[in-house]
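Participant: sharing a model that was predicted from the sequence below.
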Amino acid sequence: MADSSADIAIVGAGMAGLTCAQRLHRVGHRVVVIEKSRGLGGRMATRRLHGTHADHGVCYLKPKDSSFKALLESLVGRGTLRTWTETIHELDGQGELRAPTERSPRYASPTGISAIARAITTDLNIRLNQRVISIEATKNGWRLRCEETAIAQAPDITARLLVMAIPAPQAVMLLEGLELDERYLKALKSVEFAPSISAIALYPQSRQSDAEALPFQGITCPLDSDLSWIGFDSSKQQHPVQPVFVIQSSAAFAHQFFEAPDLQAVGKQLLIQAAQATVPWLTEPEVLQVHRWRYAFPVTPLAQPYLAAQTDSPLVCTGDWCGGNRVESAFRSGAATAEWVCDQLR
Ligand SMILES: Cc1cc2nc3c(=O)[nH]c(=O)nc-3n(C[C@H](O)[C@H](O)[C@H](O)COP(=O)(O)OP(=O)(O)OC[C@H]3O[C@@H](n4cnc5c(N)ncnc54)[C@H](O)[C@@H]3O)c2cc1C
């Protein structure tokens, strides 16, 4: 069992939490990362699927700033990422497929996007399968209580400084009980997230040549009421043998069907819509899985790169919602938060 006290506790092992943790670890701080899932990456998520895999969260990365571009290029150099495609098609308001209007590299990993999370972390103290369920201020810092699971014991974790690298609404649930400045909670509560539903569909090997003949690898659907993305996901792999598609819903569709009792039927509906825009056989998968993202995209992100509280012991929130709604903003926020933390501990 890893040490249960640290200089810094970071809740959440997505891009923001891991970027922050790795930078602090590199300059010698004792960091512990606590993650509720069994793997790293958060919404940079890859699902293993009958001998293949699918990215059911982040579809691809398209850098804007030079520092994120440099990170992606270093990951290309190490074989973690490659240019998946330079063109993305678009579904217009009439359900017609439009050819791409611009070319620029979109990066993805042949082994799944979560590979990035493993590639950017070395020698970190990470506790997987541990959901933080309560946080208490102590004389010298913070005490975190985690939920016990069948596979992980969960002793309390204490730290001098706390970084919350999770979506703002989840941070609110954990921080509301603390005596925090009203303005701080108000800022945190102002960040709303939209949900999404992903249908992950695996097709028979006999469909591989049909899939390879398709004119697109990814289709964005900004004007569609139900769909937001149709991805020929297995085309990211080096030697795919079976087609895998990932269809993502619009926020409106997800709001309508998030609590539907029959998720398979919801996934089927997404496939039917995607088939209407592409090829009929998309409605006939060998395997269909459905994933619900309650906190998929920040719709009202904050302008600042992190949200620091006025507390006796330092507390800061970070994530994509600090400055944007993409992996790149999570990266920028995590990096800026690490600098703030270093200043606090100097
Ligand atoms: C369907 C979908 C498609 C997307 N497509 C793209 C795309 O193509 N390109 C792009 O750039 N972005 C995309 N995004 C957005 C992108 O995923 C996020 O912007 C980014 O990954 C957020 O990183 P983060 O570190 O801020 O948060 P997260 O990745 O959400 O990480 C937070 C982590 O905290 C953990 N956690 C939460 N609560 C607790 C707790 N109580 N205790 C312990 N751990 C906890 C979670 O399990 C998670 O691992 C997509 C998102 C979704 C959902």
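Facilitator: Happy to help now that I have it. Numbering: from 1, shown residues only.
Participant: and this structure, which residues reach the ligand?
Facilitator: 11-17, 34-37, 42-44, 57-61, 131-132, 165-167, 170, 196, 198, 248, 293, 296-297, 319-320, 325-328, 330 (C-beta under 6 Å from any ligand atom). No exception for glycine: its C-beta is placed from N, CA and C like everyone else's.
Participant: out of those, which are inside strands?
Facilitator: Members of the residues of the chain next to the ligand lying in strands (criterion: DSSP state E): 11, 34, 132, 196, 198, 248, 293, 296-297.
Participant: count of neighbours near residue 159?
Facilitator: 25 (other C-beta atoms under 10 Å).
Participant: which element is it on?
Facilitator: Using DSSP states H and E, residue 159 sits in strand 157-164.
Participant: what's the single longest helix in the chain?
Facilitator: helix 327-345 (DSSP state H).
Participant: so for it, what's the average pLDDT?
Facilitator: Averaging pLDDT along helix 327-345 gives 97.
Participant: domain ranges for the chain?
Facilitator: 5-43+118-191+300-345, 60-108+194-298 (automatic domain parsing).
Participant: can you check which of these gets nearest to residue 53?
Facilitator: domain 60-108+194-298 (7.7 Å; C-beta to C-beta).
Participant: first to last residue in that closest one, what's the distance?
Facilitator: Start-to-end span of domain 60-108+194-298 (C-alpha to C-alpha, to the nearest Å) is 18 Å.
Participant: quick one: that domain to chain centroid distance?
Facilitator: Relative to the chain's own centre, domain 60-108+194-298 is displaced by 15 Å; criterion: C-alpha atoms, centre = their mean, to the nearest Å.
Participant: now swap in stretch 175-186 and tell me
Facilitator: The chain centroid and the centroid of stretch 175-186 are separated by 26 Å under C-alpha atoms, centre = their mean.
Participant: try stretch 146-165
Facilitator: With C-alpha atoms, centre = their mean, you get 21 Å for stretch 146-165.
Participant: hang on, residue 314 packs against residue 159?
Facilitator: No. Residue 314 lies out of contact with residue 159 (C-beta atoms under 8 Å); the separation is 9.8 Å.
Participant: rewinding a little: note down every partner strand of the strand holding residue 159 and its orientation.
Facilitator: strand 5-11 (parallel), strand 142-146 (antiparallel), strand 315-317 (parallel) (DSSP bridges).
Participant: mind showing which ranges of the stretch 151-300 of the chain have poor pLDDT?
Facilitator: Where the stretch 151-300 of the chain drops to pLDDT under 70, the residues are 151-153.
Participant: how about the helices in it?
Facilitator: Along the stretch 151-300 of the chain, the stretches classed as helices by DSSP state H, counting those that start in this stretch are 168-175, 182-189, 208-212, 251-257, 263-277.
Participant: quick one on the thing from earlier: pull out the buried members of the residues of the chain next to the ligand.
Facilitator: Neighbour counting by 16 or more other C-beta atoms under 10 Å classes 11-17, 34-36, 42-44, 57-61, 131-132, 165-167, 170, 196, 198, 248, 293, 296-297, 319-320, 325-328, 330 among the residues of the chain next to the ligand as buried.
Participant: for the residue nearest to the spatial centre of the chain, which non-adjacent residue is closest in space?
Facilitator: What sits nearest the mean C-alpha location of the chain, by C-alpha atoms, centre = their mean, is residue 43, with 1.7 Å. Leaving aside its sequence neighbours, residue 43 sits nearest to residue 57 (C-beta to C-beta, 6 or more residues apart in numbering; 4.1 Å).
Participant: the one you found is in contact with residue 45, isn't it?
Facilitator: Yes. Here residue 57 lies in contact with residue 45, judged by C-beta under 8 Å, at a distance of 3.8 Å.
Participant: which residues do those two both contact?
Facilitator: Here residue 57 and residue 45 have residue 113 as joint contacts, going by C-beta atoms under 8 Å, 6 or more residues apart in numbering.
Participant: what about residue 10, distance to residue 169?
Facilitator: 18 Å (C-beta to C-beta, to the nearest Å).
Participant: residue 177 too?
Facilitator: Where residue 169 is concerned, residue 177 sits at a distance of 15 Å (C-beta to C-beta).
Participant: which of these two has more residues huddled nearby?
Facilitator: residue 169 (16 against 11).
Participant: in contact with the more buried one, which residues?
Facilitator: 189, 191-193, 295.
Participant: if you set the cut-off to 10 Å instead, what comes out?
Facilitator: Residue 169 sits next to 188-189, 191-193, 294-295, 298, 321 when contact means C-beta atoms under 10 Å, 6 or more residues apart in numbering.
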